[in-house]
Structures are given as C-alpha cells and as structure tokens.
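Colleague: Got a predicted model here, sequence first, then my questions.
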Amino acid sequence: MTVPSVLPMMKRLNISGIYVLDQDRALDFYVGKLGLEVDTDVDLGFMRWLTVRVPGDPDHKILLEQPSPPAMSEETAVQVRDLVTKGAAGGHLFFAVDDAHAVHAELRARGVELTEEPTEQSYGIDFGLRDPFGNHVRIAQLKEG
C-alpha cells in the first residue's frame, strides 16, 4: 500500500490529550500552577470535556481526560490509571518559553515539584517536571534558528 507523504485534508493539530486522574486537580495544576487557561469545560453527561491552552494560543489545546468508560472498559481504565501514576502512560507535554531560568524559579515559588534544574542542551536550555498524575512535562528556552 502506498501512502501519500501529506494528506491534503490535514491542516493542523488542534487537540492533544493526556490522561489525568482528577480533572479538578488537573485544573489546579495546569491553570493554577503552570499558568495555562481553560479553553473548554463542558459536562457531556457521559464525560467532562476539559481542555486547556497556553494563553494567546487558541489553535493548540490539551484535553485533560480521565481514563474511564465510555472511551474504554472499566478494566482497561484501571490498568491505564495504574500506568499514568507510574509515568508510563506516554503523556508528554513540551512547552517553549523565553527564559527557562525565570520560569523554573517562578514554578518553584508556586510550589511545583521540579524534577530537574535548567540544563544547557544543544537546542537550548530546558528542564523537566511531572504533573500530579505522573505525566512528563518539559519546558525549554529554544535557541534561535
């Protein structure tokens, strides 16, 4: 089967999702600590559709989704929740900033548990942290060009 290199109907990535175990705690962390803003918060009856975004960037949203039915069986949801807590569910977010050292200091002041100090890399300066559920978050001050 031959697949074209670019599908003409794809325009951009709109929403990426990560699993969280408690959406209210996720809001506290992503909005209250990291400074993102709520994009959508709707009770659909069978689930809560909760997205956040970087302020000023309406084109890229993060779905904060609880692993549960109807998206998966309860048995699978239990397994996914266990993997999330171990940091093994594949949840990764990468944010770009202008000053990694200043952001690191501000997050420390806000009580965020930081797993790394800002480190010089070939692409810039970055550091990592984990959200309250085990998802990996990287924050980088990227080099120009």
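Modeller: Thanks, I have it.

Colleague: Double-check that Gly128 belongs to a strand.
Modeller: Yes: assessed with DSSP: H, G, I helix; E, B strand; the rest coil, Gly128 lies in a strand.

Colleague: Tell me who's in contact with the closest residue in space to it that isn't next to it in sequence.
Modeller: Setting aside the residues directly before and after it, Gly128 is nearest to Glu116 in space (Cβ to Cβ, 6 or more residues apart in numbering), at 4.5 Å. For the C-beta atoms, the positions are set from N, CA and C on the backbone; glycine is no exception. Under the criterion of Cβ atoms under 8 Å, 6 or more residues apart in numbering, the neighbours of Glu116 are Phe127, Gly128, Leu129.

Colleague: SS state for Val103?
Modeller: Going by three-state DSSP, the secondary structure assigned to Val103 is helix.

Colleague: please renumber so the chain begins at 17
Modeller: Noted, 17 is the first residue going forward, which turns the last one into Val119.

Colleague: how close does it get to Asp59?
Modeller: 33 Å (Cβ to Cβ, to the nearest Å).

Colleague: more crowded one of the two?
Modeller: Neighbour count, other Cβ atoms under 10 Å: between Val119 and Asp59, Val119 has more, with 19 against 9.

Colleague: Let me see the contact set for that one.
Modeller: Val113, Ile155.

Colleague: pLDDT value on it, please?
Modeller: Val119 carries a pLDDT value of 97.

Colleague: Flag every buried residue along stretch 43-58.
Modeller: Buried residues in stretch 43-58, counted by 16 or more other Cβ atoms under 10 Å: Leu43, Phe45, Tyr46, Lys49, Leu50, Leu52, Asp55.

Colleague: Cool, thanks, signing off.
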